[in-house]
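1. Here's my sequence, what's the structure:
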Amino acid sequence: MAVKCHKCLRTIGRTDNYISCKDCSHNYHVSCAGVSDTAFDNMQDAGLLTSFCCTSCKSKPGVISGVCIKSGNTVSLDRQGWYLSTDQFRELVAGIVKSELQPFVDKIDILQTEIRNLCLENSQLRNEVVKLTKDSHSRPVTGNNLTPIDVTTKTSYAEAIAKNSQQTVIIKPKDKTQTVNKTKSDIMTSVDPVESSVNIGKVKNLKDGCVLLGCDDVKRFTQLAKNKLSSAYDIREIKTLRPRIRIAGLSDDVDKDSVINYLTKQNEFIFDNSNEYKLLKYSPVKNKSDRFQAVIEVDIPTYKKAVSIGHCLIGLNSCSIFCGIDISRCFKCNGFNHSSKYCKNNLCCPRCTDKHELSECKAETLCCINCKNIKGTGTSELINTDHAAWDRDSCHAYNTAINKIKQDLFRLSA
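-> Model (predicted):
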């Protein structure tokens, strides 16, 4: 039986391409159905010929950007008159989007690789400049009309600071009414600054008759003072301040034991190999288990350079450098820079400032004792006190103390 086109009513030849409506089963020439030869071939390859619906059987769905939604689970491409399931449509769109975006994704990967390479080259260039600078100072100058000049290696900034910074010791009389002059007289009588060879380079008067001395060999001076001064004095060595920095952005391919080595070898413009650095903490970054951060103890000049520059290279990671200074808080009175073990102050709740343990607190409103004390001095009425003493982000007293330490560190290394 001859098959006729439902639109032109002509017989469809054996070699003619035709398409059938899935709803009314009428047959159409491809051109009569409004489907191009290319579209027909694509539909045939995709197995979508059985999804064709003629114009008569189609409803009139709303068109959004050339795509027609007929029902909750089918999508029609109106121009070609054929239907896709929602899953098929999503897969089709995903494929188109992926093919369009893939070139941009490839370019981004290439740019990221180039950035990493540039960071590595930048670090290597900096290290080469440092080495060349040192070599230029140590190499004798010669020429046709010049005689060799003995040029000693120029002292680095860190070495100059280290040379001028002396260890300190405090001599404190047990009698608080004693004068500073009396303390100095006893020191001169017992420990001669010249004959002892301790090289005293700093003297500072303190309250209650105390004297602070800076010298090159503080252990020798302390031993001499304890042996020759009477028991009327307490002699205490003050440890050299060692600030901390926090480095974030390390990847898991840099193990904990290699951090210091990478840090000093790749960043000589910040970290001097002659100085001692100590890794205090190595832990994952919050919410990023594949990234790590390190807290490192450094000297004052290194701290200033590191925080000022703000970044360094560790392996192939460009890492950020932050101030890592922290202040301890007493769990008894909530004051700073001492522990509850030696605290002589009254008990204070960190939530409400009343005189009870934190576990006994039933207050509904928060109050910080440290900010409350500052506000009570009348220096500022705008200080916020409605937070707990442990809330570092909100605590004006804590942040003021941290900023004071930062300013002092920069002043000391100036």
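2. rest of the way, CA atoms for contacts and neighbours
-> Will do.
3. Per the annotation, how does this structure divide into domains?
-> Domain assignment for the chain by automatic domain parsing gives 18-88, 164-238, 244-323, 340-412.
4. Single out the most deeply packed of these.
-> domain 244-323 (a mean of 18; mean count of other C-alpha atoms under 10 Å).
5. Measure how far that one is from the centre of its chain, please.
-> 10 Å (C-alpha atoms, centre = their mean, to the nearest Å).
6. Start and end of it, how far apart?
-> End-to-end distance of domain 244-323 (C-alpha to C-alpha, to the nearest Å): 7 Å.
7. Point to the residue nearest the middle of the chain.
-> The centre of the chain sits closest to Ala248, judged by C-alpha atoms, centre = their mean, with a distance of 3.8 Å.
8. What is the strand or helix carrying that one packed up against?
-> Assessed by DSSP states H and E, Ala248 sits inside strand 244-251. Using 3 or more C-alpha pairs under 8 Å, 6 or more residues apart in numbering; DSSP states H and E as the contact test, the elements touching strand 244-251 are strand 288-297, helix 300-309, strand 317-323.
9. Leu241: which of those is closest?
-> Among the helices and strands packed on strand 244-251, the nearest to Leu241 by C-alpha to C-alpha is helix 300-309 (7.6 Å).
10. Out of the domains of the chain, which is closest to Ile110?
-> domain 244-323 (15.5 Å).
11. one step back: quick one: contacts for the residue nearest to the centre of the chain?
-> Counting by C-alpha atoms under 8 Å, 6 or more residues apart in numbering, Ala248 makes contact with 285, 291-294, 319-321.
12. Grab the nearest non-local neighbour of Cys119.
-> Ser318 (7.0 Å; C-alpha to C-alpha, 6 or more residues apart in numbering).
13. rewinding a little: include distance to Lys4 when you put the domains of the chain into JSON lines, please.
-> Output for the domains of the chain, formatted as JSON lines (distance: least, C-alpha to C-alpha, whole Å):
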{"stretch": "domain 18-88", "distance to Lys4": "7"}
{"stretch": "domain 164-238", "distance to Lys4": "104"}
{"stretch": "domain 244-323", "distance to Lys4": "67"}
{"stretch": "domain 340-412", "distance to Lys4": "81"}
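14. Where in this protein is the helix or strand with the lowest mean pLDDT?
-> Among the helices and strands of the chain, strand 63-64 carries the lowest confidence by mean pLDDT, DSSP states H and E, at a mean of 38.
15. which stretches of this structure form helices?
-> 37-46, 86-138, 157-164, 180-190, 218-228, 259-266, 300-309, 369-376, 396-412 (DSSP state H).
16. what's the least confident stretch among these?
-> Of all the helices of the chain, mean pLDDT reaches its minimum on helix 157-164 (a mean of 40).
17. pretty sure Asp272 is touching Thr264, no?
-> Yes. Between Asp272 and Thr264 there is a contact under C-alpha atoms under 8 Å: 6.6 Å.
18. Which residues are in contact with each of the two?
-> By C-alpha under 8 Å, 6+ apart, Asp272 and Thr264 have no common neighbours.
19. thinking Val30 is in contact with Asn17, fair?
-> Yes. The pair Val30 / Asn17 is scored as a contact, 6.1 Å apart, by C-alpha under 8 Å.
20. didn't the residue nearest to Cys119 look like it was pressed against Gly249?
-> Yes. Counting by C-alpha under 8 Å, Gly249 is a contact partner of Ser318 at 7.1 Å.
21. hmm, back to that, hey, what's the residue nearest to Cys119 bridged with?
-> Leu313 (DSSP bridges).
22. What of the one 4 residues further on?
-> Under the criterion DSSP bridges, Phe322 forms beta bridges with Arg246.
23. Against Leu409, how distant is the closest residue to Ile325 other than its chain neighbours?
-> Counting by C-alpha to C-alpha, 6+ apart, Ile325 lies nearest to Arg244, which is 5.3 Å off, once chain neighbours are set aside. Applying C-alpha to C-alpha, the value for Arg244 to Leu409 is 11 Å.
24. Equivalent analysis for Cys210, please.
-> For Cys210, the distance to Leu409 - C-alpha to C-alpha - is 24 Å.
25. how long is stretch 266-286 end to end?
-> With C-alpha to C-alpha, one end of stretch 266-286 sits 26 Å from the other.
26. for stretch 237-244, that is, sorry about that
-> 21 Å.
27. which residues does the closest residue to Leu206 other than its chain neighbours bridge with?
-> The shortest distance from Leu206 to any non-neighbouring residue, by C-alpha to C-alpha, 6+ apart, is to Leu212 (7.0 Å). Taking DSSP bridges, one finds Ile170, Lys204 as the beta-bridge partners of Leu212.
28. pLDDT at Leu212, what is it?
-> 86.
29. Check Ser274 too.
-> At Ser274, pLDDT is 70.
30. gap between it and Arg242?
-> Taken as C-alpha to C-alpha, the span from Ser274 to Arg242 is 16 Å.
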